[in-house]
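Asker: What follows is a protein structure lacking sequence information:
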């Protein structure tokens, strides 16, 4: 049996080459490209300006990744503002992706790896480590599966955050390839300024991103500024101490003029004291930075709890008193396992239980 060729994620030039090799006319590539990336149509039979003969040839020789992906689980928040999908990839692996509806439009949080090897103590993504990197096409597909749904309301995704499962800097080429593709005028035409990459502190990746000279937003998962505590929460701190990470991030900010966002998850009785807030202020004072405080989404497997509203407010006020630009992240999807890896972990546990019966 002839192995079919995957078309999704190819540039227009690559698509032309593949179609010509199978005997299709060159102009068909432009038509198919428009169906895929401007109309979010992933079924050859629905591409109405193609002949039946060409559709048959396409069906026999090519696949379109979004049609090969299965929706294993879907959860929608009660407020209608957040939708989370657990995607089954063709090789049997699964990843999560989240659509968020804001007053300025729609954003998608995409995963960059199947699982994660960073093993942050509070995160469900790394419970079983990383399985593999996602391809650029698999990252792009997470955006386009939602674009397909948004056609009904005549909308499309305008922002993307690489904050899902995985460490983006350990899959740098695929992540940047996906963002470059979404930036193309003939695809989403998404501004680099509407893209954010979140890292737990992989310094070589931060430096590589700076070399790109693209105004992509950088977010750093900091979560603690006591060395022993951060190491216990985030083992990556052993290789890339947070002081060095902050320095690299500040260099990135100076190189491109973009403010760095530091993500700080608040864990009850771990890193949520006024003293912690004062230390955080000291490290970020005079930096071109902001702090995004994240009250912990409970992860049952890890045993962490969220602080009280009073503790969160006191932490925020301490930062603001010290003239640190800080906000508390607007909670979206708390009722749908919105924290990274929660839905995938729950699904895997259910599957294991079924096998044991």
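Answerer: Perfect, I can see it now. Since this is a predicted model, take the numbers as computed values, not measurements. Numbers count the residues shown, from 1 in each chain.
Asker: Kindly provide the distance from the residue of the chain most remote from its centre to residue 41.
Answerer: Taking C-alpha atoms, centre = their mean as the measure, the residue most remote from the mean C-alpha position of the chain is residue 53, 38.8 Å away. Note on residue 53: its distance to residue 41, by C-beta to C-beta, to the nearest Å, is 19 Å. No exception for glycine: its C-beta is placed from N, CA and C like everyone else's.
Asker: before we move on, back to that, check which helix or strand the residue farthest from the centre of the chain maps to.
Answerer: Applying DSSP states H and E as the criterion places residue 53 in helix 52-61.
Asker: And for residue 291?
Answerer: With the criterion set as DSSP H and E, the secondary-structure element containing residue 291 is strand 289-295.
Asker: same question, residue 19
Answerer: In the assignment (DSSP H and E), residue 19 maps to helix 12-21.
Asker: Contacts for that helix, please.
Answerer: 5, 7, 10, 25-26, 28-30, 32-33, 62, 186 (C-beta atoms under 8 Å, 6 or more residues apart in numbering).
Asker: who's in contact with the residue nearest to residue 256 when sequence neighbours are not counted?
Answerer: In space, and not counting its chain neighbours, residue 256 is closest to residue 215: 5.8 Å by C-beta to C-beta, 6 or more residues apart in numbering. With C-beta under 8 Å, 6+ apart as the criterion, the residues that contact residue 215 are 192-193, 256-258.
Asker: Kindly reformat these as CSV containing secondary structure.
Answerer: Written out in CSV, the entries for the contacts of residue 215 read as follows (DSSP: H, G, I helix; E, B strand; the rest coil):
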residue, secondary structure
192, helix
193, helix
256, helix
257, coil
258, coil
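Asker: For these, work out which two are farthest apart.
Answerer: Between any two of the contacts of residue 215, the greatest separation by C-beta to C-beta is 12.6 Å, found for 192 and 257.
Asker: Neighbour count: the two, which is higher?
Answerer: Of the pair residue 192 and residue 257, residue 192 is the one with more neighbours under other C-beta atoms under 10 Å, namely 16 against 8.
Asker: So which residues of this protein form strands?
Answerer: When secondary structure is read from DSSP state E, the chain shows strands at 5-6, 62-63, 70-76, 82-88, 94-102, 105-109, 113-115, 130-133, 157-162, 195-199, 217-221, 260-266, 289-295, 325-328.
Asker: is it possible to export those to JSON lines including distance to residue 150?
Answerer: Below are the strands of the chain laid out as JSON lines (distance: least, C-beta to C-beta, whole Å):
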{"stretch": "strand 5-6", "distance to residue 150": "23"}
{"stretch": "strand 62-63", "distance to residue 150": "23"}
{"stretch": "strand 70-76", "distance to residue 150": "14"}
{"stretch": "strand 82-88", "distance to residue 150": "10"}
{"stretch": "strand 94-102", "distance to residue 150": "8"}
{"stretch": "strand 105-109", "distance to residue 150": "6"}
{"stretch": "strand 113-115", "distance to residue 150": "25"}
{"stretch": "strand 130-133", "distance to residue 150": "27"}
{"stretch": "strand 157-162", "distance to residue 150": "7"}
{"stretch": "strand 195-199", "distance to residue 150": "18"}
{"stretch": "strand 217-221", "distance to residue 150": "22"}
{"stretch": "strand 260-266", "distance to residue 150": "26"}
{"stretch": "strand 289-295", "distance to residue 150": "26"}
{"stretch": "strand 325-328", "distance to residue 150": "27"}
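Asker: Quick check: residue 157 touching residue 188?
Answerer: Yes - with the criterion set as C-beta atoms under 8 Å, residue 157 and residue 188 qualify as a contacting pair; they are 6.8 Å apart.
Asker: shared neighbours of those two, which are they?
Answerer: Overlap between the contact sets of residue 157 and residue 188, as judged by C-beta under 8 Å, 6+ apart, is given by 143, 147.
Asker: What residues of stretch 79-98 count as buried?
Answerer: Buried residues in stretch 79-98, counted by 16 or more other C-beta atoms under 10 Å: 82-89, 93-98.
Asker: My error: substitute stretch 264-271 in the last question.
Answerer: The neighbour-count criterion (16+ other C-beta under 10 Å) identifies 264-267, 270-271 as the buried residues of stretch 264-271.
Asker: will you turn those residues into CSV that also has distance to residue 279?
Answerer: Converted to CSV, the buried residues of stretch 264-271 look like this (distance: C-beta to C-beta, whole Å):
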residue, distance to residue 279
264, 11
265, 16
266, 14
267, 15
270, 14
271, 10
